[in-house]
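Enquirer: just the structure for this:
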Amino acid sequence: MSGQTPALRLEGIVKTFPGVRALDDVSFDVLPGEVHALMGENGAGKSTLMKVLGGIYQPDAGRIFVGEEPVVMTSPLQAKGLGIVFIHQELSLAEELTVAENVFLGELPRKSFGRVDWARLHARTDEILGKLRVGFDARARVGDLSVANQQMVEIARALTVDAKAVIFDEPTASLTDAEKVVLFDVIADLRRDGVGIIYISHRMEEIFRITDRISVLRDGQHRGTVKTAETDEEAVTQLMIGRKLDLSRNVSHHELGDVALEVRNLSCGELFQDVTFEVRRGEVVGFYGLVGAGRTEIAETLFGLRDPSAGEIRLDGEAVRIHSPHDAIARGISLVPEDRKGQGLVLGMNCRDNMTLPQVDDLKAGPFVADGAEIAIFDQYRDRLDIRTPGWKQQVGNLSGGNQQKIVLGKWLSMHPSVLIVDEPTRGIDVGSKAEIHNLIRDLAAQGYAVIVISSEMPEVLHVSDRIVAMFSGRVNRTFTSDEVTEDNLIQAISGLSNDKVA
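Expert: Here you go, the predicted structure:
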């Protein structure tokens, strides 16, 4: 690919906000037919750089080239007109419209007198959906689709134009393993057609699987570009965060306490059946399995969001019935949900109000909430969790993913639970913040919390767990201690193979 004119090039980009230089002389390019990863911690400048490219922000200095032509990006629509297509992590779909209407929004094919050519619209959309091998058609209402399928609709939009460069921002965050394979096939098709791909992701295994080069931003500066085949995860991580990470297996150095939570033969209709496990104080029990194995549904049942159809839940040896989150909180169970933005936070509210939301009634002084008590709680957990924010008045939606996750953790830790359930604790979080969250989980266990961690990332569940519950098709297939688990036997267990079968 040497000697080629880049499909897209950013040169010396500078962008400053009040008190912050978000981008400092950043240069970046992507060649035709290349997959170029853009990596960095949350807050490193990736999103700002892409917003400059998309015309949402105007740079204070620097130039943008499409091919050999310098351009001034003034809007996302102009960027799309120049063949620059964005596929965002945050869905931007109109849920009341059909798939076809979303895919060709603003560009509906027309017949005479401006009438929509519905037959051509549906035919073109179904042709694109066929390439994505999805299980829905052009006429489906987007609001009726799963989050993963909505992400596939976002991807379908990129296939409607003659693209020169396509930017994928965390595209697999909501996809199943099968859908990821389809996505990677689509990317392979695009690169064969000479399209440049910018791939933004925190998932190292994806980066090393599909990319040609990796560029790293840190603190708004370009820290280096390397060929993927000539580097490794440790080197890229050091570029991103400026230090090495501890990626070793978990080894506990404290004594476990009594059984805090015991689940016996718990079932919830077709979602999961006959689930039995226990969690001791000071222990982290990891749940690992394929999408649809029932892990999140078990957490939701323990937190009172679902009613079990059979089985028993015991807390400190006492059988309990949990019919609502209020019941769960009152009995010392807290849940950090997998979708922190949709379920864990109110993005338009400030940090303090998000953190104290579940206990507002307990903080009232007469008819009013006691500001001093709320601020004291926020200050305590900001220091304890090392939450990086200018102050409690900062809107949560403006924080990085790692700091948002810490706000959710602080919210539930401030309720002083005995059992803490954390579902996908580092989804969409950079590697540096991941390490902080992992250390925090281990520290909480050392302090006597009983912790359940649900994760789709094998290195994560191996790193933080004392024991691992392997789920398959709504059932516990096997439980491992940290000493006996291997990647091979864990994969066998979540694939439904018995102990004596070979993967």
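Enquirer: how's this structure carved up into domains?
Expert: 8-241, 245-332+418-503, 350-416 (automatic domain parsing).
Enquirer: by mean pLDDT, show me the worst of these.
Expert: Of all these, mean pLDDT reaches its minimum on domain 350-416 (a mean of 83).
Enquirer: and that domain, how far apart are its ends?
Expert: End-to-end span of domain 350-416 (CA to CA, to the nearest Å): 22 Å.
Enquirer: show me where the stretch 301-450 of the chain has helices.
Expert: Here the stretch 301-450 of the chain has its helices, by DSSP state H, counting those that start in this stretch, at 325-330, 351-356, 371-385, 401-413, 431-446.
Enquirer: contacts for the third one next, please.
Expert: If I follow you right, that is helix 371-385. Residues outside helix 371-385 that contact it (CB atoms under 8 Å, 6 or more residues apart in numbering): 351-353, 355-356, 363, 365, 387, 389, 392, 406, 409-410, 413-414, 440. In this view, the C-beta of every residue, glycine as well, is placed from N, C-alpha and C.
Enquirer: and what of the first one?
Expert: Residues from elsewhere that reach helix 325-330 (CB under 8 Å, 6+ apart): 302-305, 321-322, 334-335, 358, 415, 417.
Enquirer: and with 7 Å instead?
Expert: Helix 325-330 is contacted by residues 302-305, 322, 358, 415 when judged by CB atoms under 7 Å, 6 or more residues apart in numbering.
Enquirer: want to try a markdown table for these, with distance to Phe378 as columns?
Expert: Listed next are those as a markdown table, based on distance: CB to CB, whole Å:
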| residue | distance to Phe378 |
| --- | --- |
| Leu302 | 27 |
| Phe303 | 24 |
| Gly304 | 26 |
| Leu305 | 26 |
| Ile322 | 28 |
| Pro358 | 14 |
| Met415 | 14 |
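Enquirer: buried among the residues you listed? Need that as a selection in PyMOL.
Expert: Those of the contacts of helix 325-330 that count as buried under 16 or more other CB atoms under 10 Å are selected in PyMOL with:
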select buried, resi 302+303+304+305+322+415
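Enquirer: measure Ala148 to Thr176 for me?
Expert: Separation of Ala148 from Thr176 (CB to CB, to the nearest Å): 6 Å.
Enquirer: so what sits against both of the two?
Expert: By CB under 7 Å, 6+ apart, no residue touches both Ala148 and Thr176.
Enquirer: quick revisit: nearest to Ser267, of the contacts of helix 325-330?
Expert: In terms of CB to CB, no member of the contacts of helix 325-330 lies closer to Ser267 than Leu302, at 13.1 Å.
Enquirer: ok, that closest one touching Ile333?
Expert: Yes. Judged on CB atoms under 7 Å, Leu302 makes contact with Ile333 at a distance of 6.1 Å.
Enquirer: what sits in contact with each of these two?
Expert: With CB under 7 Å, 6+ apart as the test, Leu302 and Ile333 both reach Ile421.
Enquirer: does Leu490 count as helix, strand or coil?
Expert: With DSSP: H, G, I helix; E, B strand; the rest coil as the basis, Leu490 sits in helix.
Enquirer: could you shift the numbering so residue one becomes 424, and keep it that way?
Expert: Sounds good: first residue 424 from here, last item Leu913.
Enquirer: so what's it closest to, chain neighbours aside?
Expert: The shortest distance from Leu913 to any non-neighbouring residue, by CB to CB, 6 or more residues apart in numbering, is to Ala893 (6.1 Å).
Enquirer: for that neighbour, give its distance to Gly855.
Expert: 29 Å.
Enquirer: and these two? Which one has more around it.
Expert: Ala893 (25 against 20; other CB atoms under 10 Å).
Enquirer: any idea which helix or strand comes after whichever helix or strand the more buried one is part of?
Expert: Here Ala893 is covered by strand 890-895, with elements defined by DSSP states H and E. On the C-terminal side of strand 890-895, the closest following helix or strand by DSSP H and E is strand 898-904.
Enquirer: that next one vs strand 890-895, what angle?
Expert: 160 degrees (axes from the mean of the first three to the mean of the last three CA atoms, to 10 degrees).
Enquirer: helices or strands next to strand 898-904 in the packing?
Expert: Taking 3 or more CB pairs under 7 Å, 6 or more residues apart in numbering; DSSP states H and E as contact, the helices and strands that strand 898-904 lies on are strand 695-703, strand 890-895, helix 910-917.
Enquirer: many thanks, I have nothing further to ask.
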